[in-house]
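Undergrad: structure for the following, please:
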Amino acid sequence: YWVAENTAPTESQQTIGQVTMSPKTVGAYTDISRRLLLQSSLDVEGMVQNDIAQILGLAIQQAAISGSGASNQPSGILTQVTPSVIGGTNGLAPTWGNIVQLESDVAVANADVGTLAYLTNAKVRGKLKTTSKVSGQNGFVWESGDTPLNGYRAGVTNAVPSNLTKGTSSGVASATIFGNWADLVIGMWGALDLTVDPYSGSTAGTVRIVALQDVDIALRNVVSFATMVDALTA
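TA: Here you go, the predicted structure:
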């Protein structure tokens with residue numbers, strides 16, 4: 001409020017919300033045979049534990065990106081955020097305009113602050129590396145350097161789906177996300193639970209390695225992210 005001398009502004013009322021989370025369990029296990037334990041020169045048990053921990057990490061990453069919210073999964077970004085950039089009725093090859101619009105949609109919502117970056121998969125990156133910003137001119141959408149996409153950092157992981165469907169383009173569309181990644185919350189209850197079980201397969205001499213982690217995904221502000229889910233790369 002703009003006020004005159006000796007006049008107080010009207011009291012403001014800040015709106016405060018609460019992001020709720022509830023634990024959802026991701027788990028994996030595998031059995032190590034007795035002969036493998038006997039013959040290997042490696043620390044097989046430690047190797048398997050590390051592999052399972054990495055697998056659970058990938059599962060959590062995938063859930064954060066595209067978890068369905070069903071079948072005991074958390075809801076990921078692509079489930080919580082309504083796509084704002086539309087390529088076409090049946091999908092379309094991503095363009096420079098699409099990439100800029102992702103940034104603009106976050107900016108229009110006054111959410112273009114914090115840890116801003118793009119995230120996509122290897123197929124989209126490959127497509128953008130051969131897509132001109134302006135038809136018939138030099139300069140590709142995906143450039144070199146630390147900020148290769150529209151002047152921002154860009155992450156690449158195949159946890160971003162490339163098997164989406166748009167119209168008649170069945171199972172071939174890819175997603176791209178832009179947003180403030182500081183607003184992606186991954187809540188964990190306790191540390192990774194690793195159990196070495198020599199009893200379940202004791203009659204065969206196998207050792208079972210079990211890993212469990214309770215986790216949930218939330219967005220502090222849904223408008224902090226903009227998505228495109230119908231990019232065609234072939």
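
Undergrad: which residues touch the most centrally placed residue in the chain?
TA: When the chain is reduced to its mean C-alpha position, the closest residue under Cα atoms, centre = their mean turns out to be I65, at 2.8 Å. Applying Cβ atoms under 8 Å, 6 or more residues apart in numbering, one finds that I65 lies in contact with G76, I77, L78, L119, T157, A159, V160, P161, A175, I177. No exception for glycine: its C-beta is placed from N, CA and C like everyone else's.

Undergrad: run the last query once more with 6 Å
TA: Counting by Cβ atoms under 6 Å, 6 or more residues apart in numbering, I65 makes contact with G76, I77, A159, V160.

Undergrad: from start to finish, how long is stretch 13-28 in a straight line?
TA: Between the opening and closing residues of stretch 13-28 there is a gap of 47 Å (Cα to Cα, to the nearest Å).

Undergrad: what sits up against that stretch?
TA: For stretch 13-28, contacts defined as Cβ under 6 Å, 6+ apart pick out 52, 55-56, 59, 72, 74, 187, 189, 211-214, 216, 218.

Undergrad: among those residues, which are in strands?
TA: G187, W189, A211, L212, Q213, D214, D216, A218 (DSSP state E).

Undergrad: do a quick rundown of the strands in this protein.
TA: Under the criterion DSSP E, strands of the chain are mapped to 24-32, 116-120, 153-156, 164-166, 169-180, 184-197, 207-219, 225-232.

Undergrad: looking at these, which is closest to V48?
TA: Go through the strands of the chain one by one with Cβ to Cβ and the one that ends up closest to V48 is strand 207-219, at 5.0 Å.

Undergrad: buried ones in the top helix by length along the chain?
TA: Ranked by number of residues, the top helix in the chain under DSSP state H is helix 44-66. Of all the residues in helix 44-66, those buried under the rule 16 or more other Cβ atoms under 10 Å are V44, V48, Q49, I52, L56, A59, I60, Q62, A63, A64, I65, S66.

Undergrad: also stretch 214-233?
TA: Under the neighbour-count rule (16+ other Cβ under 10 Å), stretch 214-233 has 214-219, 221, 223-233 buried.

Undergrad: stretch 69-85 too?
TA: In terms of neighbour count (16+ other Cβ under 10 Å), stretch 69-85 has its buried residues at Q73, P74, S75, G76, I77, L78, T79, Q80, V81, P83, S84, V85.

Undergrad: now do that stretch: everything it contacts.
TA: Here stretch 69-85 makes contact (Cβ under 6 Å, 6+ apart) with 24, 63-68, 98, 101-102, 105, 175, 177, 216-217, 219, 222, 225-229.

Undergrad: and that stretch, what's its mean pLDDT?
TA: For stretch 69-85, mean pLDDT is 97.

Undergrad: now do it: distance to the chain's middle.
TA: Relative to its parent chain, stretch 69-85 has a centroid offset of 10 Å by Cα atoms, centre = their mean, to the nearest Å.

Undergrad: quick one: terminal-to-terminal distance for that stretch?
TA: End-to-end distance of stretch 69-85: 22 Å, with Cα to Cα as the criterion.

Undergrad: repeat that for stretch 155-173.
TA: End-to-end distance of stretch 155-173 (Cα to Cα): 18 Å.

Undergrad: tell me the gap between that stretch and the middle of its chain.
TA: The gap between the average C-alpha position of stretch 155-173 and the chain average comes to 13 Å, counting by Cα atoms, centre = their mean.

Undergrad: repeat for stretch 90-108
TA: The chain centre lies 18 Å from the centre of stretch 90-108; the measure is Cα atoms, centre = their mean.

Undergrad: distance of M188 from L38?
TA: Relative to L38, M188 is positioned 36 Å away (criterion: Cβ to Cβ, to the nearest Å).

Undergrad: swap in A231?
TA: Noted for A231: a distance of 50 Å to L38, by Cβ to Cβ.
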